[in-house]
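1. test case, fold it:
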Amino acid sequence: LRLFCLSVRGFAGMSSTRRALLHPEDAARVSAVTARTLQDGTPFQVEHRIVRPDGAVRWLRQSAIAERDEAGAPVRMLGICQDITDRKQAEEEIRAVGAYNRSLIEASLDPLVTIGPGGKINDVNGATERVTGLSREELIGTDFSDYFTNPERARAGYQQAFREGMVRDYELAVRHRDGHTTPVFYNASVYRDDAGKVVGVFAAARDISERKQAEAELRQLNRALRTISECNQALIHAGDEPQLLQKVCDVVVEVGGYRMAWVGYAKQDEAKTIRPVAHAGYVEGYLDTLEISWADTEHGRGPTGTAVRTGKPCLVGDFATDKLVALWREKAMKRGYASSFALPLMKNGDAFGVLTIYSAEPHAFHAEERELLQELAADLAYGINTLRSREARRQAEEALHDSEERFRQMAENVQEVFWMTDATASKILYVNPGYESIWGRSCESLYQNPSSWSDAIHPEDRDRVLKDWEKQGRQGQFRTEFRIQRPEGSVRWIWDRSF
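-> As a prediction, the model looks like this:
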């Protein structure tokens, strides 16, 4: 009676008073259970609240049965009423704590999981649902290791946590139901019951996709740097142009890690064809089927033709979707080409060729890598132009040597005297053997004393000839006839002219 704050008479004699004590939110439910018990004898068991006359709200647990007369009509109800307010308050506190913990778990952007000793999932948060593509209901009770690309490693991870108390930065890859994966670092630790017994593992996963992407880009950047270094060595040691082109293609594939690379030259024919001249990597006849042009036509609007025509690099991020490669998509993807970067080879502002590089990964050529590859293409173009200049110079020198040899042979086989001086006429550059047979003096004496030829001039002609030489010879206009006296005294008539 103290529970209801009623007297014995008030409690026993006034059922309406007792009904008035029922909490408004529970009254209909209690009345319905009472009516069912009186009707069919269903045991009366209900938990509800009352509002006592002093205003206090208490939780009760009531159990009762209905006594019936011989005709089966209910006569009265006998029952027990238990105050469960303290228990309900404790449960409410637990629910509040649980709700608070759940809000903390759900607030985390990282996937969180609790795992039982057998490896089964006990609970997850929304981030776990998103990373797996499965609902909380689908995940709870299933094996934790089933949602990773390497289930054995995942199983070993939570077993290590149970064994050692925790794991740190344990790398795994979560598999989404649609097939894509997310690389993560798992950190896990055990949790215990009030008695200190380990009852499970709490595991948190940190998405490391951006870190993995950055690491991959750094690795590729380092490969690109090594590629440039190796190609520069090839530029230094290349013996000829074909050797250089092949070496650069080899380095791009073997050091750079690309799927394929080729160099093409822009022909000046009517179709403006681009002719492959070197390649490396997985080709499988691809270059034989290209029919690439640098003209503004269907076959010239791909990345390679565009690079040559515009003189600017042309990037294809994804062969599966980019319209630039629609004409070549099927053949390219069959050979594992997922993206490409075409780099023009320039000279004096015009593209004379192109270096096209293919990757097996879509969107493989990030900004820093493209800058390095453009530097590589510039170095290659410089090397090609240098080799061509060197070859042109070699050919010119060879032609000059041949010309000089023909001149020497001609000069040394004529009977006349043929001579050359420097611009000041103070040094003899060449005199043919005819000097010795006509002047009767050695060629060597003339080289040593360039004016000694005039010593042989007849005394009667010397002044005239020397004056004419001083006036006209240095301008290449010397024309005259004169006599010379040979060492044995004979006289010869000479016709001399300079040009």
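
2. pLDDT weak spots in this protein?
-> Across the chain, residues meeting the criterion (pLDDT under 70) sit at 1-18, 94, 96-108, 410-411, 413, 473-476.

3. ok, then the element right after the top helix by length along it?
-> Counting by DSSP state H, the longest helix found in the chain is helix 367-413. Toward the C-terminus, helix 367-413 is succeeded by strand 419-421 as the next helix or strand (DSSP states H and E).

4. ok, and what's touching that following strand?
-> The contact list for strand 419-421 (CB atoms under 8 Å, 6 or more residues apart in numbering) reads Lys427, Ile428, Leu429, Tyr430, Val431, Asn432, Tyr435, Leu446, Pro450. Every residue, glycine included, has its C-beta placed from N, CA and C.

5. for it, which strands pair with it and how are they oriented?
-> With DSSP bridges as the test, strand 419-421 is paired with strand 428-431 (antiparallel).

6. tell me what the helix or strand just after the strand it pairs with is packed against?
-> Of the helices and strands lying after strand 428-431 in sequence (DSSP H and E), the nearest is helix 434-439. Contacts defined by 3 or more CB pairs under 8 Å, 6 or more residues apart in numbering; DSSP states H and E place helix 434-439 against helix 443-448.

7. what does the helix it packs on contact?
-> Residues outside helix 443-448 that contact it (CB under 8 Å, 6+ apart): Trp419, Ile428, Val431, Asn432, Pro433, Tyr435, Glu436, Ser452, Trp453.

8. for it, buried residues please.
-> Cys443, Leu446 (16 or more other CB atoms under 10 Å).

9. which element follows it toward the C-terminus?
-> Counting by DSSP H and E, the element after helix 443-448 in chain order, helix or strand, is helix 459-472.

10. ok, and what's touching stretch 32-43?
-> Applying CB under 8 Å, 6+ apart, the set of residues contacting stretch 32-43 is Phe44, Gln45, Val46, Ser63, Ala64, Ile65, Ala66, Arg68, Pro74, Met77.

11. run the last query once more with 10 Å
-> With contacts defined as CB atoms under 10 Å, 6 or more residues apart in numbering, stretch 32-43 is touched by 19, 44-46, 48, 62-66, 68, 72-74, 77, 79.

12. closest to Val199 out of those residues?
-> Here the nearest of the contacts of stretch 32-43 to Val199, counting by CB to CB, is Gln45; it sits at 31.9 Å.

13. quick check, that closest one in a strand?
-> Yes - per DSSP: H, G, I helix; E, B strand; the rest coil, Gln45 lies within a strand segment.

14. for it, which non-adjacent residue is spatially closest?
-> Spatially, and ignoring its direct neighbours in sequence, Gln45 is nearest to Ser63 (5.1 Å; CB to CB, 6 or more residues apart in numbering).

15. helix, strand or coil for that neighbour?
-> Ser63 - assigned by three-state DSSP - is strand.

16. wait, doesn't it sit right on Gln82?
-> Yes - when contacts are counted by CB atoms under 10 Å, Ser63 is listed as touching Gln82 (8.1 Å).

17. quick revisit: and the longest helix of the chain, what does it pack against?
-> If you count contacts as 3 or more CB pairs under 10 Å, 6 or more residues apart in numbering; DSSP states H and E, helix 367-413 packs onto helix 209-237, helix 241-254, strand 260-266, strand 339-347, strand 350-359, strand 428-431, helix 434-439.

18. what's opposite the residue nearest to Gln45 in the beta bridge?
-> With DSSP bridges as the rule, Ser63 is bridged to Gln45, Ile80.

19. which residues touch it?
-> Pro43, Phe44, Gln45, Val46, Leu78, Gly79, Ile80, Cys81, Gln82.

20. cheers, nothing more for now.
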